[in-house]
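Student: Build the 3D model from these lines:
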Amino acid sequence: MVALIILLIVAVSWSGYIDRQTENYVNQATVQALAAFATARVLNAGISVAKSVEVGAVVSVQPLEILDPVHDLVEQYSAIMKLAIGSLVIQKVLLEIVATGFFKVVLTLLAVLLLATLLVGSANQSTLMFKLFALACLVRFLLILAVGLNGLVDNIYVNNKTQQNMVELEVLSLEVDALTAAKVPDETSWHSGITSKFSAAIDLINLENLKRKAEVAVPAMLNLMALFILKTLLLPLLFLWLLLRGFRVIWGVNFGKVWSSVTV
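Tutor: Alright, predicted model coming up:
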């Protein structure tokens, strides 16, 4: 049974199935984070243009300055998205490294040596080879398991919440972009058409509508910031910590004595 478990670990390592699954999850999460970042940049640009619109013939007024808090939040949201994308890229690179043939070969060689010491070696030799094999398994599978568990939690709960908030933010970015797409007459038209100038500005700027959009945007952005921090930083670190705690327990096992008691 022990030999079958060791051979199963080696087979899983060479199959690459869990490598592909975790890499697919990281790729999907990266695409999602890039889409969220792109929405933030569009929204940021739209708000910047809207804030620059001036209304008034004698005294210049900028009604869209009410969007200043939202604009600041968008900047912070963009920074969080950059951090999330960076974390996902690092995870992808590390997953590709541990999936290379070098780590598979090392794990296989240590598995063969462990099986040999279990059959003909002493208890101390078995314990040493078991710890080396466990260390190789840690290097080979620790990050994969952490990312895989994170992906499982993400698919069960986090991803649905993320999609809902992204839809709300994308709708807002499209509406702000549509508002700022309207053309306001040039400065030379002030004396010839002040009335039309105010009419165009009023059509462009519906303060109540913008207030409603801002109220929708703020919780959506806050939720997305929290969700991306959770799925790209906190959960992976939590699972890494839990797996390392489990490895410490395995590392403390005297495998030679356990094997001797089993064989007896």
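Student: any low-confidence regions in the protein?
Tutor: Applying pLDDT under 70 to the chain picks out residues 49-68, 176-215, 253-264.
Student: How far off centre is the longest helix seen in it?
Tutor: Secondary structure of the chain per DSSP state H: the longest helix is helix 17-51. Centre-to-centre, helix 17-51 and its host chain are 9 Å apart (CA atoms, centre = their mean, to the nearest Å).
Student: other SSEs contacting it?
Tutor: helix 68-98, helix 123-153, helix 159-180, helix 207-229 (3 or more CB pairs under 8 Å, 6 or more residues apart in numbering; DSSP states H and E). C-beta here means a position set from N, CA and C on the backbone, and glycine is covered the same way.
Student: In CSV: those, plus distance to residue 30 and mean neighbour count.
Tutor: Listed next are the helices and strands packed on helix 17-51 as CSV, based on distance: least, CB to CB, whole Å; neighbours: other CB atoms under 10 Å:
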stretch, distance to residue 30, mean neighbour count
helix 68-98, 5, 17
helix 123-153, 12, 19
helix 159-180, 13, 17
helix 207-229, 11, 17
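Student: Identify whichever of these lies nearest to residue 7.
Tutor: In terms of CB to CB, the element of the helices and strands packed on helix 17-51 nearest to residue 7 is helix 123-153, at 12.0 Å.
Student: can I get the helices and strands packed on helix 17-51 in TSV with distance to residue 244?
Tutor: What follows is these, written out as TSV (distance: least, CB to CB, whole Å):
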stretch	distance to residue 244
helix 68-98	15
helix 123-153	7
helix 159-180	26
helix 207-229	21
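Student: do you know which of those lies nearest residue 8?
Tutor: helix 123-153 (11.6 Å).
Student: circling back: in the longest helix of the chain, what's buried?
Tutor: Using 16 or more other CB atoms under 10 Å as the test for burial, helix 17-51 gives 18-19, 22-23, 25-26, 29-30, 32-33, 36-37, 39-40, 42-44, 46-47, 50-51.
Student: now stretch 108-116
Tutor: Across stretch 108-116, burial judged by 16+ other CB under 10 Å covers 108, 110, 111, 113, 114, 115.
Student: I am finished for the moment; much appreciated.
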